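> Here's my sequence, what's the structure:
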Amino acid sequence: MKRRSFLNTTTKAALAVGLLPRQDWHPPYVLGHGDFKYGIEAEWGKLNPQHYPVKDGKGMARDSQGRILFLTNETQNNVLIYSPSGKIMDRWGRNFPGAFGLTVHQKNGEDFVYITDVERHQVYKLSTLGRLILTLDYPSGAGTYFSTEEFKPTGTAIAPNGDIYVADGLGNQWISVFGQNGKLKKQFGGREWFQEATGLCVDLRVPDHPVLLIADRGQQSLFKFSLDGNYIDKIHFPGAYINRPVIMGEQVYLSVLKSASFPDVGSGFVMILDKNNQVLSCPGGSQPLIESSGQYQEFHQTVKLFKYPTDVCVDGQGNLYVSQVNSGKVYPIKLNRL
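Okay, the predicted model is just below:
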């Protein structure tokens with residue numbers, strides 16, 4: 001505890017010289033801040049890589065049965081499905097070499113899986129058994145793309161009316177809205193607004209006023225738009241390259257790919273926001289502190305647990321499951337809520 005206090009009090013000085021102390025972790029180790037603290041279950045979900053290989057960990061999601069879906073760009077098994085205890089229950093998918101974003105959405109009592117592929121330049125709607133239902137191609141007639149290759153979809157979100165919002169976070173940065181039939185309805189955003197808008201979700205915490213939350217990694221910011229595509233607000237999290245927002249209860253959960261102060265050495269963590277989108281806790285990262293200017297002090301990794309997190313999933317008990325890219329072909333890490 002003394003060392004953690006020291007880290008908090010010396011952060012500003014360390015930032016000034018570009019050196020931030022980071023700790024190794026050894027069980028038992030407690031991550032996070034305030035009421036959102038976690039223990040590490042590092043062995044959860046580990047499998048025989050000869051039978052269940054992983055290339056890069058991509059999206060994570062939970063279905064209505066409580067199963068944990070883990071998306072990888074390994075075409076021997078693009079989707080691994082776990083029980084809450086970490087036992088493998090199913091696997092499928094051999095056709096998504098550029099798998100990136102994963103969403104599970106329930107409609108009329110049935111779960112549907114949405115996968116984005118940045119190499120095939122498409123979005124897919126599937127059953128939880130992997131049966132293809134719908135394919136979304138690049139918006140060819142909108143005047144915003146001149147070729148298929150420009151469309152590199154990274155995330156999806158489903159509105160209450162069934163519209164499919166697609167983020168093109170590695171392409172031209174448009175948010176494209178498709179109807180349930182797969183027809184393009186509208187677009188907004190683009191490079192005028194976004195640098196790397198890789199993930200998004202529909203925020204239904206105020207049921208009568210749903211909004212869209214869009215994470216822009218490049219700007220280290222979370223944008224709020226109306227479902228019609230009108231800008232509402234922007235919240236900046238300096239130093240935190242945030243991925244797609246995930247809402248559970250009143251909180252927003254974000255995996256953070258890396259810290260700005262350690263961009264190339266595996267420096268990610270997790271961030272948790274309250275109902276007003278203010279930071280409550282950063283498991284694996286620095287304590288949220290506000291400067292006299294009213295802005296957050298730069299966020300950074302403080303514990304060397306994660307390398308490059310790409311997504312986070314939250315179960316009904318508040319436990320977290322974190323996937324990682326470029327991190328040694330690892331399976332998800334589970335954080336147990338304390």
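
> Please make it C-alpha for all contacts and neighbour counts, starting now.
Fine.

> how close does Ser64 sit to Lys107?
Distance of Ser64 to Lys107, computed by Cα to Cα, to the nearest Å: 11 Å.

> Look at those two and report which has more neighbours.
Using other Cα atoms under 10 Å, the more surrounded residue of Ser64 and Lys107 is Ser64, with 12 against 9.

> which ones are touching the closest residue to the more buried one other than its chain neighbours?
Distances taken as Cα to Cα, 6 or more residues apart in numbering put Asp111 closest to Ser64, at 6.9 Å, once the chain neighbours are dropped. Asp111 is in contact with 63-64, 104-105, 127-128, counting by Cα atoms under 8 Å, 6 or more residues apart in numbering.

> What of Leu170?
By Cα under 8 Å, 6+ apart, the residues touching Leu170 are 118, 151-154, 196-198.

> Quote the end-to-end distance of stretch 205-225.
Start-to-end, stretch 205-225 (Cα to Cα) is 14 Å.

> Kindly report the same for stretch 43-59.
With Cα to Cα as the measure, the ends of stretch 43-59 fall 19 Å from one another.

> what does stretch 113-128 give?
Between the start and the finish of stretch 113-128 there is a gap of 6 Å, counting by Cα to Cα.

> The nearest residue to Val30 once chain neighbours are set aside: how many residues sit nearby?
Spatial nearest neighbour of Val30, excluding adjacent residues (Cα to Cα, 6+ apart): Gly39 at 5.1 Å. Taking other Cα under 10 Å as the criterion, the count of residues near Gly39 is 18.

> and Asp163, how many neighbours?
The number of residues packed around Asp163, counting by other Cα under 10 Å, is 19.

> Please look at it and Gln180 and confirm they touch.
Yes: under the criterion of Cα atoms under 8 Å, Asp163 lies in contact with Gln180, with a separation of 5.7 Å.

> quick revisit: give me the buried entries from the contacts of Leu170.
Buried residues within the contacts of Leu170, counting neighbours by 16 or more other Cα atoms under 10 Å: 118, 151-154, 196-198.
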